[in-house]
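S.K.: please find the sequence and the predicted model below.
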Amino acid sequence: MYIKSPEKLDLEQANEIYDKLVSDLNYYNYSYYVKSKSIISDYEYDLLFHYLEDLEKRFPQLIKSYSPTQRLTNQIQTELKKAKHNKPLLSLGNTYSAQDVEEKLEKYEKDYWIENFYIEPKYDGLSIELIYENGYFKQAITRWDGFEWEDVTKNVKTINTLPLKISYKWKLHVRWEVVVRKSIFDKINKKREKEKLEIYSNPRNLASGSLRQLDPMVTKKRQLDVICYEVLNFSDVDYSLDFHHKSLDFLEKNWFWALDFKTLYVLKKRKSLDKEKILEIVNSVDIKKLLDDQDVEFDWLAIKVDEEKYWNVLWNTAHHPKWAFAFKYPAKQISTKLVDVELSVWRTWAITPVAILEPVNIWWVIVKRASLHNFDFIKQKDIRIGDYIFVQRSWEVIPYIVSVIKEKREWELPKIEEPKHCPVCSWETFHLGCEVALKCINVTCPAQVKEKIAYFVSKNWLDIEWLSEKTIEVLLNVWFIKDYADIFTLTNKRQQLLSLPGFKEKKVENILNAIKEKNILKLDIFLQALGIEFIWKKTAKIIVVNLILIKNFKDFLDKNWYVIFKKITDFLSSDEWEDFLLSINGIWPKVVESIKKFFHEKHNKRVVEKLLNYVKIKSAEIKKWKFSWQKFVITGSIEWISRQEIANFIEENGWEFLNQITMETTLLIVGDKPWNSKLKKAKEYDISTYDLLSFLTENNFNFPKKSMKEEGLF
């Protein structure tokens, strides 16, 4: 069929050949990369691929986005753009023993009568969301803060195990893991060793770095793979994926690669599993060995409630879903020598000891440092410099010292004592109250200043990516900045910056442009960025909502942001603030004490006031609810709005979301098909209920327009 030269074809003939050729090549790719079966020889494949290239060159109007040639691109990107997830990509909560697994499964059975579970291996890579529309691959987004991170569509298209076209014609969101096979990892490192380049520490870091390249051709050379493991969302209302295991069957039918216990022949077919079968797999030494022997680096086991109707019932925390958890095998322990102890001073005043070790390889990572937590930990384990110790890496970023091998202690080594003075600024050290942590309370301590500035400009707050810790250190050393307010003075120091070693034109332009874009901040983001201990995202939001609704700061803030923020800082330093904060639901005494410490320190107030010369504080749009502040629970739903959207909408306005009804719950919002058990418990606890659709309508929820028309809302 493909013998006739493209030069001798007319458009109609070419179109007929083109569709068949693209379909065949995509199937050959799927068979080779996903199913590990060669249907044709490499020589035959190359002939067909080159014929397709010639055909597209002759008839460029025929080119389709799902053609195998479209995986290749010479277009280098200037940056990775930001993109938003349809729903948050959360991590899993952890368990480390079979007994913990059994207790969790029993809790599901006892509290919710759940008996159907599923278990699958989780591979160590970079989690991403893939989006398909009308059967074609459209977008790929990496995971960072759950809701927003980088668009890596062009890079992901170069991965051969990614299907560019699928049979499912509706919109589909799928969660994948991008991985590097161990054999490829070893091959790349051997090549780099020969070229005397720095080798990669582990397959996951190589996968992550490869996917975030600006040049997609670099990504292609790293030979990445993608393994799918969850349907995040799909738009076909007539199609039902009521069980998680069915969603994996669905993905496999659409040419996605699912490397689970069915494809590894542990299970004959995908189906719901009972508690006993889950525990059998968890306790199996043979399965652990099977996973270790795979060419893909194994991470842990994911255990999930199989019936997806329970996922909305059990819901999520801010960090992880409550319908799934991870079982992590006992970490590998290796002995090495403790050669020194370094002291780090953090923005929260804490002085933390860190163990410096003789380098040792644990789970593909060269470990040189380990956490010592605090000096009480050192005393309890009798850790001394020169000791041989067992160090464990159980998936944490910084490994952990398990015990001292005292049999190898050949002579009496000196004990590690708490420093009497800060190792950086020489101020006297203290234990504040009953705290275990040793602290330096000098707010101008250079180490603390650097940490505070780095925190202020980090991804979660100002997100000025060009100001790395090394760059901040250089700027501090030459006295260009002394605190985080001085970051904004750099816009007037362009020539001075260009005079610094390593500060080229492009780098300076990137820094200055990024700073100029960050001169307007939301009040809650601003409070978090100041680095006040215990002020996290949720806490800051609750404080801001109450300042605006109860203390009526919004109008002032919109009209004269400098005056009102000065008013807020004065208020937080006054006698009145403590009672006000303690009266707020969700604000604990330690939070109040931390705010008190921060705003009573004159240096901090001076820096904040200086900051207000450069930054405009924007008030949040807080709705005046029909009810006062509530701790709410949702039961039931509206078919065309996700529970996540509803919860986000209400939490954004300062209410607290609870997964289950407790004595603390103050309002139950009821949608379609509510759970009788929740209604019964609400009645038992005398908790008010309110209709979900009425509640959202009255409070101007931004409904999807199509759904509003269908429901007759406008």
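M.R.: Perfect, thanks for sending it. Numbers count the residues shown, from 1 in each chain.
S.K.: give me the contacts around stretch 518-534.
M.R.: Applying Cβ atoms under 8 Å, 6 or more residues apart in numbering, the contact partners of stretch 518-534 are 347-348, 451-452, 455-456, 460-464, 484, 488, 535-537, 540-541, 543-544, 547, 557, 588, 590-591, 594-595, 597-598, 604, 608, 614-620. For every residue, glycine as well, the C-beta is placed using N, CA and C.
S.K.: and I378, how many neighbours?
M.R.: The tally of other residues near I378 (other Cβ atoms under 10 Å) stands at 20.
S.K.: surely it touches L372?
M.R.: Yes: I378 lies in contact with L372 (Cβ atoms under 8 Å); the separation is 5.7 Å.
S.K.: name the residues contacting each of those two.
M.R.: Common neighbours of I378 and L372 (criterion: Cβ under 8 Å, 6+ apart): P353.
S.K.: hang on, V339 in a helix?
M.R.: No: counting by DSSP: H, G, I helix; E, B strand; the rest coil, V339 is not found in a helix; it is strand.
S.K.: select only the buried ones of the contacts of stretch 518-534 in PyMOL?
M.R.: The PyMOL command for the buried members of the contacts of stretch 518-534 (criterion: 16 or more other Cβ atoms under 10 Å) is given here:
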select buried, resi 347+348+451+452+455+456+461+462+464+484+488+535+540+541+543+544+547+557+591+594+595+597+598+604+608+615+617+619+620
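S.K.: among the contacts of stretch 518-534, which are located in strands?
M.R.: 616-618 (DSSP state E).
S.K.: show me the contacts for I669.
M.R.: The contact partners of I669, by Cβ under 8 Å, 6+ apart, come to 632-635, 646, 689-692, 695.
S.K.: by mean pLDDT, point me to the weakest helix or strand of this structure.
M.R.: helix 705-710 (a mean of 41; mean pLDDT, DSSP states H and E).
S.K.: helix/strand/coil for the nearest residue to V402 once chain neighbours are set aside?
M.R.: Excluding the flanking residues, the one nearest V402 by Cβ to Cβ, 6 or more residues apart in numbering is F390, at 4.4 Å. What three-state DSSP gives for F390 is strand.
S.K.: okay, and the beta partners of F390?
M.R.: F390 has these beta-bridge partners by DSSP bridges: S335, S403.
S.K.: burial measure for it, as a count.
M.R.: Residues lying near F390 (other Cβ under 10 Å) number 14.
S.K.: correct me if wrong: it contacts I401.
M.R.: Yes: judged on Cβ under 8 Å, F390 makes contact with I401 at a distance of 7.3 Å.
S.K.: separation between C422 and V345?
M.R.: Per Cβ to Cβ, to the nearest Å, C422 is found 6 Å from V345.
S.K.: identify the contacts common to those two.
M.R.: 351, 440, 445, 447.
S.K.: would JSON lines of those residues with distance to K522 and secondary structure be doable?
M.R.: Listed next are the shared contacts of C422 and V345 as JSON lines, based on distance: Cβ to Cβ, whole Å; DSSP: H, G, I helix; E, B strand; the rest coil:
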{"residue": "I351", "distance to K522": "33", "secondary structure": "strand"}
{"residue": "C440", "distance to K522": "31", "secondary structure": "coil"}
{"residue": "C445", "distance to K522": "29", "secondary structure": "coil"}
{"residue": "A447", "distance to K522": "29", "secondary structure": "helix"}
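S.K.: for H431, give me its contacts.
M.R.: Residues near H431 by Cβ under 8 Å, 6+ apart: 437-439.
S.K.: checking my notes, I128 in a helix, right?
M.R.: No: according to three-state DSSP, I128 belongs to no helix; its state is strand.
S.K.: and it, how far is that from V101?
M.R.: For I128 relative to V101 (Cβ to Cβ), the value is 28 Å.
S.K.: Y112 too?
M.R.: 17 Å.
S.K.: give me the more crowded residue out of those two.
M.R.: Neighbours around Y112 and V101, counted as other Cβ under 10 Å, are more numerous at V101. The numbers are 23 against 15.
S.K.: look up phi and psi at that one.
M.R.: The phi/psi pair for V101 (degrees, to the nearest 10) reads phi -60, psi -50.
S.K.: my guess is it meets A302, correct?
M.R.: No: with contact defined as Cβ under 8 Å, V101 does not reach A302; the gap is 11.5 Å.
S.K.: could you pull out the strands for the stretch 251-400 of the chain?
M.R.: Ranges of strands within the stretch 251-400 of the chain are 298-305, 324-327, 332-345, 350-362, 365-371, 388-393, 400-404, based on DSSP state E, counting those that start in this stretch.
S.K.: now those strands as JSON lines including mean pLDDT and distance to L527?
M.R.: Converted to JSON lines, the strands of the stretch 251-400 of the chain look like this (pLDDT from 0 to 100; distance: least, Cβ to Cβ, whole Å):
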{"stretch": "strand 298-305", "mean pLDDT": "88", "distance to L527": "36"}
{"stretch": "strand 324-327", "mean pLDDT": "92", "distance to L527": "32"}
{"stretch": "strand 332-345", "mean pLDDT": "88", "distance to L527": "23"}
{"stretch": "strand 350-362", "mean pLDDT": "90", "distance to L527": "21"}
{"stretch": "strand 365-371", "mean pLDDT": "85", "distance to L527": "29"}
{"stretch": "strand 388-393", "mean pLDDT": "86", "distance to L527": "35"}
{"stretch": "strand 400-404", "mean pLDDT": "86", "distance to L527": "33"}
